[in-house]
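>>> Sequence first, then the predicted structure, then my questions.
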Amino acid sequence: MKYTLIPLLPLLSFIINILFGRNFIKDKAHWIAVPAVAGSFILAVSAFMDVLAGNVINLNIYNWIVSGDFQVSIGFLIDQLTAIMLIVVTSISTLIFIYSIGYMHGDGGYYRFFAYLSLFVFSMLMLVMANNFLLLYFGWEAVGLCSYFLIGFWFHKKSAADAGKKAFIVNRFGDFGFGLGVILVFLTFGSLDYAQVFGNAGSVVGQTINILGTDYDLITVICLLLFCGAVGKSAQMPLHVWLPDAMEGPTPVSALIHAATMVTAGVFMVARCNPLFNLSHTAMNTVAVVGGVTAIFAATIGLVQNDIKRVIAYSTVSQLGYMFLALGVGAYSAGIFHLYTHAYFKALLFLGSGSVIHALHDEQNMQKMGGLKKYMPVTYAVFIIATLSITGIPGLAGFFSKDEILYRAYLGGDTGKFLWLLGTAAALMTSFYSWRLIFMTFHGKFRGTHEQEHHLHESPKVITVPLMFLAVGAIFAGYAGIPPLLMEHGDRIGEFLSPVLGHPHGEGTHAEEMMVMASSVLVALAGWFIAHKMYVKNPELPRKVAEMFKPFYNLLFNKYYVDELYGKTIVQPVLKISDKVILGFFDAKIIEGIVNGVPNLIGAFSRKFRQVQTGLLSNYGLAMALGALAIIGYMIFMR
Amino acid sequence: MVPLSWYIILSAVMFSIGVFGFLARRNLIIVFMSVELMLNSVNISLVAFSHYLQSMRGQILVFFVITVAAAEAAIGLAILIAFYRNNPTIKVDEINLLKG
Amino acid sequence: MTAPQVFFSYFAAMITGLSLLVVTRKNPVHSVLWMLLLFVHIAGLYLFLNAEFLAAIQIIIYAGAILVLFLFVIMLLNLRKEETEKRFQRQWPLGLGIGVVLMMFLVPVLGNISVVPPLGPYSVDAIKSEGHIMTVGKVLYTEFLLPFEIASVILLVAIVGAVVLAKRRLE
Amino acid sequence: MENIILNQLNYPVLTCTVFLPVAGALLLLFLRGDSLIRFTTLLVTLATFVISLPLLTDFDKTTYKMQFVEKHEWIPSWGINYFIGIDGISILFIFLTTLLSILCVLVSWKAIENKAKEFHIALLTLEAGMLGVFVALDFFLFYIFWEAMLIPMFLLIGVWGGPQRVYAAIKFFLYTLVGSVLMLVGIVVLYFTGGNTLDILALSALQYPLKLQFWLFLAFFAAFAVKVPMFPFHTWLPDAHTEAPTAGSVILAGVLLKMGAYGFLRFSIPMFPDATRLFVKPVFILSVIGIIYGALVCLAQKDLKRLIAYSSVSHMGFVTLGIFALNIQGVEGGILQMVNHGIITGALFLMIGIIYERTHTREIAAYGGFATLVPWYAGLFIILTFASIGLPGTNGFIGEFLILFGAFKAQKLYGVLAATGVILGAGYMLWLYQKIFWERPGPDYGPSGRHPVRDLGLREVVTLAPLIALIFWIGFYPEVFLGYMHSSVERLLQDFNLSAYAESQNLMAQLREIF
């Protein structure tokens, strides 16, 4: 019951707010939503304690779908992995709910916002607590739905409406694969229950599946299909295009859904399915390579963006790439660890930028900011903390998790070395664009209008206090996983998760570990140095550099033209074919041609033939008489 | 005795004249009368058969024929009047509302 | 030629001739009058066939009712100019041809028709002993009761129909 | 007699259900006054619904046998009986029909002002006809209901429809008639080969030679494929839907389309199993084409009702796909998806009817920003949108997932191809939602515009509420409906798999035998 309440409380908040919010609750919506999610948080902590005490909970509530041998229940599994996720989701949700009270104050859809946000928390909790694939899929789609609602929250803006739609449809591409993966899992294992599937995982090694005449390894196919879903939800290449656009949503949404929780669902899912992924080298390598490539790909785009939220969005894509990289090299716990630390510092970055945007009255272009340091000291301070954390400065959360990932990649053979290089390069860029963001926003002189400057102010307490809490998380969250080099048995989170995720293989020497750590710290500092050089010391430099590498700059600025590519190759052809070929030609001409053509033919014949009907009575009489005559003649002469 | 066939031949001749009138005349009223003529020719043969077969059925049938003829004349002429009111002609070759 | 045959020949000739007159007269009133005469001759023929009641009916209903109806309508429509126009349609030769061919088909076939026994119970004597009306009545009200009733319904329908059709629309 | 259970209740429940609407229609003949007629019709439909409820509660889910059976001699010289009964396949459609009929009356309350009496008579006769089709167990009876149903529908479209109504009505009529005439031929052939009986159960129990099965399958297929409608026999649907009044569209989408698929389940598969096996591939191909084709056409639509109509083509493609997957998940998913489609698309047509009453346009481009103008309406519409897309938690998901599962199990490639329809489905439905409800409202429909729109009234909410409730009910606990069909579907497939007559021969040999 306690565990069931964890998702039910937010659901209740959703139902109450959506039904009565418009007419009764109005701007008191948070009085329902915040206690509900805080209650969930408390219950989640207690569940975490239960797990810490060694109880893994797996309970079925009722049979959801029964059809022949296909049976799926609605049920919860709370093990170590889920427990961590529960803490991440509920704690950050609580903080962001509180933050939203201030941020969304006065918005016409205040009740709606809290309703959707509650629904999101419910869905996300269902996702992480599911004990079978189909319920996971339920949560998976439901968070997508909430994401759709919340991105399109300000639906009167066309860009927001488009972005919401885009997010949902792009995700559908991933879910297409995921859904097929789930079906294939059932056909292979005869169950969708995690326990049974993972328990029997070993028994299907070596089985193949025939697709269009070629045999493929069954496990690999399953894993790759499932991974499709992760690629969509976690905005990896090539389905990353929706996440930057998703920044059209209110900032708390970006922080909660598009940074801390929902987008990490893919990471969670792959980690959850580690018994399957472990059995397929191909799948693991795919995950690692997609992650690594996405990490550097998104980071390069992030270098030149001017929209403050988009920079952070690309940073998110890049960091998610890191997590997949970790999963791909078998360091599941490192991936989850990064997920956990990332949630705090990235939420902090987003909420901080929200604070900035709020202060500037919805200005998001960094070129119109600058010098905010003195107006918004608290925001500035938390921004610095978050940036230090994300760039991997020792002592802050990001350092520990990022270092763990890079180290594990380094140990992962030749591919691993290559990925490590990618990761380190991405770390350099991360550092650069993060500092660039800080320098452009908080340093220098204010570049906005006088009007805006006049109104500049620090955000109210209800906004800054959650920021401080998150800042604490961004600093200390990492101490759950201190590398062995620094402290014996320091990797407590890895140990905690090991019953679910196992231990990463491969042991390196202290020297190697030292080298990896040093290099990542070095690139972090290098990033700061370059950014400082370009944006503080010599503000003319960026333009010169951009001029110098014009084509390259344009390529990055336009995000590698991926959106345009999809538009040209998929969206427009499909629309054109639908309109011109299928509807305009095939449906209207061929099928309707036949359908209407046959009657028309008959009609044309009849029009001619009906001339026989003169309408003159005597003609009919004549015909009748002739007919009678013929019959009489026949009777008389032929018989 | 008059043979049966004489009556029948008379009936046939009269019927043929009726047919001719039905097909040839322009005046709708006379066309109706031709129909009556044909009905009467049939009546003659019916009565003749009835007499020669010493059965009553033929004569009974004549009753019904007369009934139907009366009904037909009444309805037909009523239609004629209704029609004439809308379309003042009763010439067969000018009535072609049924033209396809 | 025996007397009956002479009689019959007279009636046959008259009937044929009158029929021709009916269908060929230009003025419909004339046609009706010729038809009146025709019906009288047919009635005579019925008498000849021992069907007195039918002969009476022929006069009363046909001559008395139906023909008067025809006359009524002719008068009602008041068709003056019809009299001056052509009386036959363009297709009249065809009509004539059909009539003639029909006659040629029928006459040879019907010419040698004869009665095959067994004969029914209603011989001339039997009818005479009971009276023709009584005989007809008995058959009509026993064996043919249902058709008789149905015939009355048909007449009713015809009355209603004729009234509905012929009355002016009330608007 | 071993596969029927005579009526468990002590009154002829099925007869009452079927003929109560007819009685109501007769009663309407003698009534005057539009509001009296509306109330009476509403009462009659409600009463029919209530009468049909014992069917659900007293239904024995553990058996595949026909239940609530009533059998009386009708025309003994031709071996025709008045023979009705239901099993787990047909019971849900009874429920759906009686429910949707109520809603149709409610939604026509204001919309139909012209000839209200005739309209409601047509509606009630239509209901009786539809119920009759689902309960008939005698071909003669079945065919009578099947054709009788066409007439009121024809009138609904042709008299109370939109500007192109006559064209649409005639198209609808001829299309369906051509199909059903071929079916009639099939029925006659069955009558003579099956030993001069028209008893559907008896005829299903017989084995027919492959050649005969082949041609009979085609004859029945003509009738059912048009009704479903399967690609490429679908073009009557957009016209009929677009022109029909709201109630007509709802009935059309909600019940009429189901009859084709019901026919496959009731006749084609049990009677012609070997031919069915031959036709699985072609039907799969047509279904997949229908799914994708329907969805693509939706992407290019400019007319609101046409879009939903084409989406029906896509959704019904899923249904046929599931049925011809011929495994439990596929068939159960197919049946459930039929119910779902009836609920979702029925509700969508209700919604469109409601908004059409206010705006008098069906052109998508004329809308925009309606979420601000009519928030409750928009809220309900989004539920339907996502149910139509098949979001987990709604009924659409359960049906689609089971179908895809079944199809994938049967033929992997077609399962995958059909799943692309899910992506496209999201595409057109979300596009539609954005166009109607999001972005800025046009000037016309705002509070100060020329046609200010008002939000849902109580009557409209009452109309929609049961459907919305069903969407979530089935979405979270589909067993309420799946439970009814388990035994019947299992039996159907068991019988199907038993008829291994042609299994031993290869395709070429089978074809040689046919031609």
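Nice, thanks for sending it over.

>>> Show me where chain B has its helices.
Along chain B, the segments classed as helices by DSSP state H run B:4-24, B:28-53, B:57-86.

>>> meant to ask about the stretch 401-515 of chain D, not that
D:412-437, D:458-476, D:479-498, D:507-514 (DSSP state H, counting those that start in this stretch).

>>> What residues of the first one count as buried?
Okay, so that is helix D:412-437. D:412, D:414-437 (16 or more other C-beta atoms under 10 Å in any protein chain shown). Where C-beta positions appear, they are placed from N, C-alpha and C, glycine not excepted.

>>> Now do the same contact list for residue A:338.
The contact partners of residue A:338, taken as C-beta atoms under 8 Å, 6 or more residues apart in numbering or on different chains, are A:319, A:322-323, A:326, A:401-402, A:404-405.

>>> One more: residue C:160?
No residues are in contact with residue C:160 under the rule C-beta under 8 Å, 6+ apart.

>>> Report the separation between residue B:99 and chain D.
23 Å (C-beta to the nearest C-beta, to the nearest Å).

>>> same question but for residue A:613, I mixed them up
22 Å.

>>> Could you report the neighbour count for that residue?
13 (other C-beta atoms under 10 Å in any protein chain shown).

>>> wait, residue C:107 sits on residue B:13?
Yes. Using C-beta atoms under 8 Å as the test, residue C:107 is close enough to residue B:13 to be in contact (7.3 Å).

>>> shaky segments in the chain?
This is for chain A. By pLDDT under 70, the weakly predicted segments of chain A are A:506, A:639.

>>> oops, I was thinking of chain D
D:1-2, D:500-508.

>>> again, but for chain C
Counting by pLDDT under 70, the ranges of chain C that qualify are C:80-84, C:169-171.

>>> Quick one: the strands in the chain, in order.
Answering for chain A, as no chain was given. Here chain A has its strands, by DSSP state E, at A:57-67, A:70-78, A:208-211, A:214-217.

>>> Chain D is the one I meant
D:4-6, D:66-75, D:80-86.

>>> and the ones you listed as JSON lines, adding distance to residue D:287 and mean neighbour count?
Formatted as JSON lines, the strands of chain D follow (distance: least, C-beta to C-beta, whole Å; neighbours: other C-beta atoms under 10 Å in any protein chain shown):
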{"stretch": "strand D:4-6", "distance to residue D:287": "32", "mean neighbour count": "15"}
{"stretch": "strand D:66-75", "distance to residue D:287": "28", "mean neighbour count": "18"}
{"stretch": "strand D:80-86", "distance to residue D:287": "26", "mean neighbour count": "22"}
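
>>> need these in CSV with distance to chain A, can you?
Below are these laid out as CSV (distance: least, C-beta to the nearest C-beta, whole Å):
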stretch, distance to chain A
strand D:4-6, 24
strand D:66-75, 21
strand D:80-86, 21
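
>>> Same list, the helices of the stretch 401-515 of chain D, but as a markdown table with distance to residue C:154 please.
A markdown table is the format used below for these (distance: least, C-beta to C-beta, whole Å):
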| stretch | distance to residue C:154 |
| --- | --- |
| helix D:412-437 | 63 |
| helix D:458-476 | 53 |
| helix D:479-498 | 56 |
| helix D:507-514 | 57 |
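
>>> right, and these - which one's nearest chain C?
Nearest of these to chain C, taken as C-beta to the nearest C-beta: helix D:458-476 at 40.8 Å.

>>> centre of the chain versus the closest one, how much separation?
The chain centre lies 18 Å from the centre of helix D:458-476; the measure is C-alpha atoms, centre = their mean, to the nearest Å.

>>> what do you get for stretch D:253-267?
6 Å.

>>> Now do the residue in the stretch 401-515 of chain D that chain C sits nearest to: how many residues are near it, please.
Nearest to chain C in the stretch 401-515 of chain D, going by C-beta to the nearest C-beta, is residue D:451, at a distance of 39.5 Å. By the criterion of other C-beta under 10 Å, residue D:451 has 11 neighbours.

>>> When residue C:107 and residue B:13 are compared, which one has more neighbours?
It is residue B:13, of residue C:107 and residue B:13, that has more neighbours when counted by other C-beta under 10 Å, with 22 against 15.

>>> quick one: low-confidence ranges for chain B?
In chain B (pLDDT under 70), the answer is B:100.

>>> Could you list the residues of it in contact with chain A?
Contacts of chain B with chain A, taken as C-beta under 8 Å from any C-beta of the partner chain, map to B:19, B:22-23, B:28, B:31, B:92-93, B:95-100.

>>> go on, the stretch 401-515 of chain D?
So the stretch 401-515 of chain D meets chain A at D:401-402, D:404-405, D:408-409, D:412-413, D:415-416, D:419-420, D:422-423, D:426-427, D:430-431, D:434, D:437-440, D:476-479, D:482, D:486, D:490 (C-beta under 8 Å from any C-beta).

>>> So for residue A:436, which of the strands of chain D sits nearest?
Residue A:436 sits nearest to strand D:80-86 of all these, at 71.1 Å, using C-beta to C-beta.

>>> I'd like the distance from that closest one to the chain centre, please.
A distance of 22 Å separates the centroid of the chain from that of strand D:80-86, by C-alpha atoms, centre = their mean.

>>> got a list of contacts for it?
D:4-5, D:14-15, D:18, D:55, D:66-74, D:94, D:134-138, D:140-141, D:198-200.

>>> Only C-alpha atoms, please: export it in PDB.
Output of strand D:80-86 as PDB, limited to C-alpha atoms (Å, rounded to 0.1, in the frame of the first residue of the first chain):
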ATOM      1  CA  ILE D  80     -36.000 -21.300 -42.100                       C
ATOM      2  CA  ASN D  81     -36.100 -20.700 -38.400                       C
ATOM      3  CA  TYR D  82     -36.400 -17.700 -36.200                       C
ATOM      4  CA  PHE D  83     -33.100 -18.500 -34.500                       C
ATOM      5  CA  ILE D  84     -31.200 -16.000 -32.400                       C
ATOM      6  CA  GLY D  85     -28.500 -16.100 -29.800                       C
ATOM      7  CA  ILE D  86     -25.300 -14.600 -28.800                       C
END
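
>>> Before I go, just wanted to say thanks for your time.
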